[in-house]
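> Below are the sequence and a predicted model; questions follow.
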Amino acid sequence: MADILEFTYEVSGEDFTRAGEASSDVKRKLKKLGVSPDVIRRVSIALYEGEINMVIHAHGGKITIQISEDKITMILDDRGPGIPDIAKAMTAGYSTAPDNVRNLGFGAGMGLPNMKKNTDKIDIETKLGVGTKVLMEIKL
Amino acid sequence: MTVNDVIKLLDATALTCEDKLDREVMSACGSDMMSDVLAFAKCKCVLLTGLCNPQVIRTAEMMDIVCIIFVRGKRPDPAMMELSEEMEIPLIATPHRMFSACGILYETGLRGGEMDG
């Protein structure tokens, strides 16, 4: 079996201006690896949406990226408040983001639907008061 | 159309990446909501926005946006300018308001891309 490349990132929940640094780095790495532009675009959008969500809702967390021969897997693990109603959260336009986040240009309720749209698989495990783990896959 | 053409049309000023203003522009997206830009922006588009924070540049990077146009004369701070140079995404500023700036570009034939669904 071919090797799996793995990268991990700690996402700070303290500084919104730094949100997206992990996604930027992943994008650079995928470019260097010669991954197709369409896949890079989909990974970038899904991962950045997820990273922003971690900062806005969950005070940061950990991102793990695994690149194998046939797919890219993104695992976003946080110890935030959890998602009370995943079906609602997956609905375009539904958002629980506070006004200060909207003033920064986010919280339009497009994040999770956009993550789903840009990936081949998305699984969300969440437990109130414990945290949320989002697993996304994009085929190569 | 190139970024240089956009600058002339919008009476704009180039703020960063002046060696990258010959890039081709195929479409445009006007929004202050980065969530919507991430959901709807098309290839080789310019982003018109009144929002002025580093996430605008991060969003543009993820979407391969050709250049960011700040409307209503908004000016990015030095940290944003530095990030734009690092990301190689030109920042330009126009005194026009959002509606007018979009209208000027639309009039020349630039479009927002096909609607989804």
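Arrived safely.

> Now do the helices in chain A.
A:21-32, A:37-58, A:86-89, A:99-103, A:111-117 (DSSP state H).

> next one: chain B
Counting by DSSP H, the helices of chain B are B:3-9, B:34-40, B:54-62, B:78-87, B:98-107.

> Just name the most buried of these.
The highest average neighbour count among these, using mean count of other C-beta atoms under 10 Å in any protein chain shown, belongs to helix B:54-62 at a mean of 24. In this view, the C-beta of every residue, glycine as well, is placed from N, C-alpha and C.

> re the thing from before, please dump the helices of chain B into JSON lines; it should also carry mean pLDDT for every row.
As requested, the helices of chain B are exported to JSON lines (pLDDT from 0 to 100):
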{"stretch": "helix B:3-9", "mean pLDDT": "97"}
{"stretch": "helix B:34-40", "mean pLDDT": "90"}
{"stretch": "helix B:54-62", "mean pLDDT": "95"}
{"stretch": "helix B:78-87", "mean pLDDT": "95"}
{"stretch": "helix B:98-107", "mean pLDDT": "97"}
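
> Reformat those helices as TSV; add distance to chain A.
Output for those, formatted as TSV (distance: least, C-beta to the nearest C-beta, whole Å):
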stretch	distance to chain A
helix B:3-9	20
helix B:34-40	4
helix B:54-62	4
helix B:78-87	8
helix B:98-107	14
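
> what about the ones you listed, which gets the closest to residue A:70?
Of all the helices of chain B, helix B:54-62 sits nearest to residue A:70, with 23.6 Å by C-beta to C-beta.

> Next, the angle from the closest one to helix B:78-87.
10 degrees (axes from the mean of the first three to the mean of the last three C-alpha atoms, to 10 degrees).

> which other helices and strands contact helix B:54-62?
The helices and strands touching helix B:54-62, judged by 3 or more C-beta pairs under 8 Å, 6 or more residues apart in numbering or on different chains; DSSP states H and E, are helix A:21-32, helix A:37-58, helix B:34-40, strand B:45-49, strand B:67-70, helix B:78-87.

> Could you list the residues in contact with the third one?
Spelled out, that is helix B:34-40. A:45, A:48-49, A:104-111, A:113-114, A:117, B:29, B:31, B:47, B:49, B:51, B:55-56, B:59-60, B:62-63, B:65, B:116 (C-beta atoms under 8 Å, 6 or more residues apart in numbering or on different chains).

> Please pick the buried ones from the residues you listed.
For these, a burial check counting by 16 or more other C-beta atoms under 10 Å in any protein chain shown picks out A:45, A:48-49, A:104-111, A:113-114, A:117, B:29, B:31, B:47, B:49, B:51, B:55-56, B:59-60, B:62-63, B:65.

> thinking residue A:65 is in contact with residue A:4, fair?
No. In this structure residue A:65 lies outside contact range of residue A:4 using C-beta atoms under 8 Å: 10.2 Å.

> the more surrounded of those two?
Of the pair residue A:65 and residue A:4, residue A:65 is the one with more neighbours under other C-beta atoms under 10 Å in any protein chain shown, namely 22 against 11.

> got a pLDDT number for the more buried one?
We have a pLDDT of 97 for residue A:65.

> check contacts around the nearest residue to it once chain neighbours are set aside.
With C-beta to C-beta, 6 or more residues apart in numbering or on different chains as the measure, residue A:7 is the residue that lies nearest to residue A:65, at 4.6 Å, once sequence neighbours are left out. If you count contacts by C-beta under 8 Å, 6+ apart, residue A:7 has them with A:25, A:26, A:29, A:64, A:65.
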